[in-house]
Structure formats: structure tokens, C-alpha cells
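A.B. asks: Starting from these lines, generate the structure:
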Amino acid sequence: MTIEDIILDRDRRGISKLRPFVPTDFCDRAAQLILDHPGTAIIITGFYILDAGVVETDGPPGAVSIGNALENLGYDVVYVTDQHGMAIMEGTKSAGSRVVDFPITTTPPAKPLPTTC
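C.D. replies: Numbers count the residues shown, from 1 in each chain. From the prediction side, this is the model:
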């Protein structure tokens, strides 16, 4: 069993349907891409859940875990979130990383995508 198999083993969001369209070793390739391009890593997180009126609870801690690993590899880590995610990111990030507040604008909501192509 490969790492890719393990990741997609308990898929509940339909992501595994993309498997035929990506390389079989997509995790190794992603890891190598990261290692081949040291410097600054920008991690975007903190999706606001409109119905709940709060920021997501799984994305920010996962983002910090990835950020901590990248910092251990020598990366400068920058998290990008909006006003709703700032407190959780400031409270969970490492001292060596930083958080950028991405402004919320008054643009109209996106139109839904058509259900057929």
C-alpha cells in the first residue's frame, strides 16, 4: 500500500475520483517540489463557515502542522487568513512564522457553477 492509497482510503469528499488523472506517486512529487524550492511558504487557511458563523476548526491546526514541518526544513512560513481566522492563527502558529490578514471585500458572491459541462 502506498502513501497515496492511505490518503485516499477513507475518502468522504470524492477526491479519490481524481486518482486516474494524477501521477501514481503524487505525494513523492509534491514533497520533491517542496524540497527543490526552498524559501518562503505561503499557507492559506481559515475558511469562514457562513452557516455556522465561525471559522473552520480543522484547517488552521492542519495548516500550522504543515507550517511547523516547513519551518523545520528552513522555510519562512507565512499564513494568510481573514479577520475571522486571525485569532486562531496568532494563537497556534510558531514564534518564527507570521500571519497576514487578507481583507474581506464587498464583492458580490460568486455565481454557482453549472451542474453539467
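A.B. asks: Stretch 61-69 - what's its average pLDDT?
C.D. replies: The average pLDDT for stretch 61-69 rounds to 96.
A.B. asks: Restricting to C-alpha, output that stretch in PDB.
C.D. replies: C-alpha atoms of stretch 61-69 as PDB (Å, rounded to 0.1, in the frame of the first residue of the first chain):
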ATOM      1  CA  PRO A  61      -4.400  23.400  13.000                       C
ATOM      2  CA  GLY A  62      -3.600  21.400  10.000                       C
ATOM      3  CA  ALA A  63      -2.000  24.400   8.400                       C
ATOM      4  CA  VAL A  64       0.100  25.000  11.500                       C
ATOM      5  CA  SER A  65       1.300  21.400  11.400                       C
ATOM      6  CA  ILE A  66       2.400  21.800   7.800                       C
ATOM      7  CA  GLY A  67       3.900  25.200   8.600                       C
ATOM      8  CA  ASN A  68       5.900  23.800  11.500                       C
ATOM      9  CA  ALA A  69       7.300  21.000   9.300                       C
END
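A.B. asks: Show me what the helix or strand encompassing L70 is packed against.
C.D. replies: Per DSSP states H and E: L70 is located in helix 59-72. Applying 3 or more C-beta pairs under 8 Å, 6 or more residues apart in numbering; DSSP states H and E, one finds that helix 59-72 contacts strand 40-44, strand 76-81, helix 86-92. Just so you know, the C-beta spots here come from the backbone N, C-alpha and C atoms, and that holds for glycine as well.
A.B. asks: Cool, thanks, talk later.
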